[in-house]
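Colleague: attaching a predicted model along with its sequence, questions to come.
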Amino acid sequence: VEIELDEKMILEFNGVATQVDYVPEYEYEAIGWLLGTIEIGADGTINQTYTGGKSLKLKETWLYGENSPGVLITLTEASIQGNYDAARQSGKGTLSVSWKFLEEAGAGLDYEKYDIKRTFNANFELLAAYSEPNKSRGQIYFEAIGPSVWNITYTGKMYDAEKQEYYIGSNTSVEKNEDWGGVYAFEIKN
């Protein structure tokens, strides 16, 4: 696909590596979906911010029970900066995304909930799709791998050894994953 260098280019999320026309089912697949579009200026500059509110229901589940309705992720904010060379079909830059992850199910002592605030900061590369069916569709891969921090609040059944009884309580923890992310497929929309 040839792009005139005097016009901006719009990239629109369409899937992940090896899958087109795809709605993400798992959290790591959803980063491209949360961004939705990437606008590249006529000079190749990428400088975009995204406001929160965009939500997606995932099939993924963290809860142990079998009655989970799935996870709801909601974008808090995101930004992307970088550059793209249309002639070489390559680019690079930095990405910052934060979102909320919510899953809850059950009632009474069977109630469980994960309320997680996530951040993902990564360097990214833009390059021509190298696998099918993305390659034959002329898609561009957005590869982003980097550290992700999870601020987790879990609410669920806990045991009080002193009182020898169960109760619903909460605990918080922080997890960091150094190599998180994926390869997201975008289509040129202009």
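Modeller: On my side now, so go ahead. Numbers count the residues shown, from 1 in each chain.
Colleague: how close does the residue nearest the centre of the chain get to K163?
Modeller: In the chain, the residue lying closest to the centroid (C-alpha atoms, centre = their mean) is I31, at 2.2 Å. Remark: distance between I31 and K163 (C-beta to C-beta, to the nearest Å) = 44 Å. Every C-beta, even on glycine, is put in place using the N, C-alpha and C of the backbone.
Colleague: just the C-alphas of the host helix or strand of L75, formatted as PDB.
Modeller: Using DSSP states H and E, L75 maps to strand 71-85. Provided in PDB are the C-alpha atoms of strand 71-85 (Å, rounded to 0.1, in the frame of the first residue of the first chain):
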ATOM      1  CA  VAL A  71     -13.800  -9.200  32.900                       C
ATOM      2  CA  LEU A  72     -14.700  -5.600  32.000                       C
ATOM      3  CA  ILE A  73     -11.700  -3.400  31.100                       C
ATOM      4  CA  THR A  74     -12.100   0.300  30.800                       C
ATOM      5  CA  LEU A  75      -9.500   2.700  29.400                       C
ATOM      6  CA  THR A  76      -8.400   5.400  31.900                       C
ATOM      7  CA  GLU A  77      -6.000   7.200  29.600                       C
ATOM      8  CA  ALA A  78      -3.300   6.600  27.000                       C
ATOM      9  CA  SER A  79      -0.700   8.400  25.000                       C
ATOM     10  CA  ILE A  80       1.600   7.500  22.100                       C
ATOM     11  CA  GLN A  81       4.500   9.400  20.700                       C
ATOM     12  CA  GLY A  82       6.900   8.400  17.900                       C
ATOM     13  CA  ASN A  83       7.500   8.600  14.100                       C
ATOM     14  CA  TYR A  84       6.700   6.500  11.000                       C
ATOM     15  CA  ASP A  85       8.500   6.400   7.700                       C
END
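Colleague: can we start the residue count at 887 from this point?
Modeller: All set: I'll call the first residue 887, so the last point we hit is now strand 957-971.
Colleague: and stretch 936-950, what's buried?
Modeller: Neighbour-count burial for stretch 936-950 flags Y936, K940, L942, L944, E946, T947, L949 (criterion: 16 or more other C-beta atoms under 10 Å).
Colleague: from the residues you listed, pick the one nearest L961.
Modeller: Nearest to L961, judged by C-beta to C-beta, of these is K940 at 4.5 Å.
Colleague: ok, the closest one touching T960?
Modeller: Yes. Judged on C-beta atoms under 8 Å, K940 makes contact with T960 at a distance of 7.1 Å.
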